[in-house]
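Mind looking at a prediction? Sequence and model below.
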Amino acid sequence: QTLENTPAIIHGGPFANIAHGCNSVIATTLGRNLADVVVTEAGFGADLGAEKYLDIKSRVADVAPDAVVVVATVRALKMHGGVPRERLDEPNLTGLEAGTANLQRHVRNLGKFGLSPVVAINRFTTDTAEEIDWLLQWCAREGVEAAVADVWAQGGGGPGGDDLAAKVLSALKKPVDVRPLYPLQMSVEDKIRTVVREIYGADDVEFSVPALRRLEEIKANGWENFPVCMAKTQYSFSDDAAKLGAPEGFTVHVRDLVPKTGAGFIVALTGA
């Protein structure tokens, strides 16, 4: 349990850059039978954990979410805006503004699944009031509900998390029509192409010779109807960790495919 006596089912991994990025179906089912509201961490970026939750787990277990929270930090957005890591503690509204392209893409990506997320701004001690206020105003202009999460310093109740909790509870009451990004009947090649274009913002995908051979094996063995599980860096929408922000005009390179027939998905190994 947490320090505030909230039950928590802890899982170590499976990290979304190399696996499906969320907890087990058993854990979610148990949680739903114990509580009115269950929060699943489907992390390492909404392009990884959330995409896999919505395209893989929600289909398998019939656990489509009623609401989604995108966690953002001023520090991370400044990094995506080109601010060097050693200067992230310094106030920088220009870098913050440039970095919101990354948050904007995450928010718009979730809209493709029929979800309008709540943005939780996870406060760090180095964040200035001006930066926090600017980001809240940016979210308002984008039409996105947002709240500051200061749980680390002030706890979940009171000023630490009450505003965020209220916005999430409000979102839970709104009807949603959650839909996967692709049909399972689509070819594995086209499923991968759909993810890299629609979620990562790439122009296309390039398959290595071993990956092309594996595609033929997948077809021959009748595994075409599996969803795809992308193995990709968590630092970028692309398969290159150095491409920050919301890159465009790139190609994702798939070097191999690994069928996980027990789990029921095809892992696509991208980049390094």
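Good, I have the coordinates.

List the residues that contact the residue nearest the centre of the chain.
What sits nearest the mean C-alpha location of the chain, by C-alpha atoms, centre = their mean, is Ala46, with 1.2 Å. In this structure, Ala46 makes contact with Val68, Val70, His106, Asn109, Leu110, Pro117, judged by C-beta atoms under 8 Å, 6 or more residues apart in numbering. For glycine as for every other residue, the C-beta is placed from the backbone atoms N, C-alpha and C.

before we move on, what about Pro65?
Contacts for Pro65 were tallied using C-beta under 8 Å, 6+ apart; they are Thr40, Tyr53, Leu54, Ser58, Leu115, Val176, Val178.

got a markdown table for the residues you listed, with distance to Arg85 and secondary structure too?
As requested, the contacts of Pro65 are exported to a markdown table (distance: C-beta to C-beta, whole Å; DSSP: H, G, I helix; E, B strand; the rest coil):
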| residue | distance to Arg85 | secondary structure |
| --- | --- | --- |
| Thr40 | 30 | coil |
| Tyr53 | 29 | helix |
| Leu54 | 31 | helix |
| Ser58 | 35 | helix |
| Leu115 | 31 | coil |
| Val176 | 37 | coil |
| Val178 | 36 | coil |
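
Can you measure across stretch 136-154, start residue to end residue?
Across stretch 136-154, the terminal residues are separated by 19 Å (C-alpha to C-alpha, to the nearest Å).

May I see the buried residues of that stretch?
Of all the residues in stretch 136-154, those buried under the rule 16 or more other C-beta atoms under 10 Å are Trp138, Cys139, Val144, Glu145, Ala146, Ala147, Val148, Ala149, Asp150, Val151.

Show me the beta-bridge partners of the fifth one.
Per DSSP bridges, the residues bridged to Ala146 are Val119.

So that it lines up with my notes, have the first residue be 25 from now on.
Shifting the count to begin at 25 puts that one at Ala170.

List the contacts of it.
Contact partners of Ala170, counting by C-beta under 8 Å, 6+ apart, are Val142, Val143, Ala144, Ile145, Leu159, Leu160, Cys163, Ala164, Lys191.

Which of these sits closest to Pro115?
Closest to Pro115 out of the contacts of Ala170 is Leu159 (12.6 Å), distances taken as C-beta to C-beta.

All set now, cheers.
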